[in-house]
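A.B. asks: Predicted model and sequence below, questions to follow.
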Amino acid sequence: MQNASELLQRLKEKMNALGYSHFRGGQEQVLQSAFMGQHSLVLMPTGMGKSFCYQGVALVKPGLVVVVSPLIALMRDQASKAQKLGISAGDIHSLLSQDEREKRYQKLKEQKYQLIFVSPERFRVPEFLEALKPNQISLFAVDEAHCISEWGHDFRPEFTRMGEVWESLKKPPLMALTATATPDVQADIIKHLRAHPIQTISQGFLRTNLSLNILECYSLEGKLEAFKKIKLQGPTIIYFSLISTLEKFSEMLEIEHVTYHSQMKRSLRNGAQRVFLNGEVDLILATPAFGLGIDKQNIRHVIHAEVPGSIEAYYQEVGRAGRDGLQAETFLLYDEDDISIQMEFVKWANPDVEFIRTVFMLIKDGTANALGLQGLRERLLFKNKKDFRLETVLNLFDRWSVTEGDLEDRNIRILKDIPNQLIDSTVIDRQLKNDQMKLLKMVQFLNAKSCRVKHIMEYFSVSLEKECGLCDNCKAT
């Protein structure tokens, strides 16, 4: 059996053969820790090579690396990238046909994978657990680990079970990775994962190639004029909170672009994503769901046409620019009226108990499938296209395994009763206050007169000795 130094040396040789001359950021320290059998919480900026931390283990260490991921798009993308490195990698998820899923279970059972990507819900499937049994787990990795924390900006309840899952796998080396986690979220991750001792390996959250800029605007027309003054130099994402605003902006825009949002048919969304990623179109107007699991290295601009609900969401989204390490610019087109929209968003993201129960009953009695997604939205929300409480509840039901199927395909059905936590008014109120506090911190960032980057680093409790020199505030002094 090779020791940590030998595994690291072997990995360096493989990297040279693949055309990579050196490790990036803290990759070597993270890999050394994994090869020594240690547990780690890895904090690394978006685009700095977190995925190679577990790919490197799969390249040289015998056994199977299991990666837990929250998104099918992310699984597919990472499996494809790992295969290009010569790793026998696969992903198992709900969009596979039953025949294809069974083939992958068989391949897993025959120990033919070095790296497998799954969602946290997969560990509730007996067929998967049976196929996993013969494998020696060399590493258990939890990607986007902030999903574990109730105080994170993308809480996924099923992730809280990953400590229990890790114990059931006989406690292999554990690696949790995230690009956005405050100290409270980090503590919550460590608590839920149960792996002790666990070291925190932090490369901070600093992206030195990003220029952060806030442009004050008045009205949508004002935002369009501000956008026209930006000298676009490559692929660009414009993010919108509201689909209605996105559609209006699209109608006003006179240059070639595509759009991406949840109310488009899946085939149209996939088509828009494909032409943008392939470089056929350089401008996409999208809601925040676009970009999760997407690794396009040469995005030169990320523009927010509306205010995000938290600093975590904002920094994750701007982090999609400049992943190639070259200079990239980000702009937030700020109208004070946007804050009232986000205050409504916070309410819609935390629907009351009565609304949750109503959606449950309409699914249970078949009304939801009969009406379809658009029909149910109109019945519940009286054609208010801004209100997304229905989508919130559907996502909650999916994440808590209350339902299976898809309302868009009219095949959604109830699997179990609503968990108490979803209809506990105390829990709902606590989460509402947490989201309101995150929005307040975002407003303080918008109104800051000092270095933007330093302000964000302080939010994540990271000290920055000098100012960035690139943001609008730094350039103004």
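C.D. replies: Everything's here; your move.

A.B. asks: what sits against the closest residue to Gly319 other than its chain neighbours?
C.D. replies: Spatial nearest neighbour of Gly319, chain neighbours left out: Thr46 (3.1 Å); criterion: C-beta to C-beta, 6 or more residues apart in numbering. Quick note: C-beta positions are derived from backbone N, CA and C, even for glycine. Thr46 sits next to 179, 207, 316, 319-320, 323 when contact means C-beta atoms under 8 Å, 6 or more residues apart in numbering.

A.B. asks: Val393 too?
C.D. replies: So Val393 contacts 351, 355-356, 359 (C-beta under 8 Å, 6+ apart).

A.B. asks: Find the helix or strand that it is a member of.
C.D. replies: Assigned by DSSP states H and E, Val393 belongs to helix 389-399.

A.B. asks: Start and end of stretch 168-175, how far apart?
C.D. replies: Its start and end residues considered, stretch 168-175 measures 16 Å (C-alpha to C-alpha, to the nearest Å).

A.B. asks: do the same with stretch 412-425
C.D. replies: From its first residue to its last, stretch 412-425 covers 26 Å (C-alpha to C-alpha).

A.B. asks: where's that stretch relative to the chain centroid, distance-wise?
C.D. replies: 24 Å (C-alpha atoms, centre = their mean, to the nearest Å).

A.B. asks: for the stretch 1-150 of the chain, what are the low-confidence residue spans?
C.D. replies: Applying pLDDT under 70 to the stretch 1-150 of the chain flags the ranges 1-2.

A.B. asks: swap that for the stretch 351-477 of the chain, sorry
C.D. replies: Using pLDDT under 70, the stretch 351-477 of the chain drops low at 383, 385.

A.B. asks: show me where it has strands.
C.D. replies: Listed in chain order, the strands of the stretch 351-477 of the chain (DSSP state E, counting those that start in this stretch) span 403-404, 413-414.

A.B. asks: any chance of those in a markdown table, with distance to Asp91 and mean neighbour count too?
C.D. replies: Putting the strands of the stretch 351-477 of the chain into a markdown table (distance: least, C-beta to C-beta, whole Å; neighbours: other C-beta atoms under 10 Å) gives the following:
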| stretch | distance to Asp91 | mean neighbour count |
| --- | --- | --- |
| strand 403-404 | 19 | 18 |
| strand 413-414 | 25 | 14 |
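
A.B. asks: Ok, which of those strands comes nearest Gly90?
C.D. replies: With respect to Gly90, and counting by C-beta to C-beta, the nearest of the strands of the stretch 351-477 of the chain is strand 403-404 at 22.3 Å.

A.B. asks: Val66 belongs to a helix?
C.D. replies: No. Going by DSSP: H, G, I helix; E, B strand; the rest coil, the assignment for Val66 is strand, not a helix.

A.B. asks: which residues does it bridge with?
C.D. replies: Counting by DSSP bridges, Val66 is bridged to Ile116, Phe140.

A.B. asks: In contact with it, which residues are there?
C.D. replies: Applying C-beta under 8 Å, 6+ apart to Val66 gives the contacts 116, 118, 132, 137, 139-141, 169.

A.B. asks: cool, and Pro235?
C.D. replies: With contacts defined as C-beta under 8 Å, 6+ apart, Pro235 is in contact with 276, 279, 282-283, 296, 298-301.
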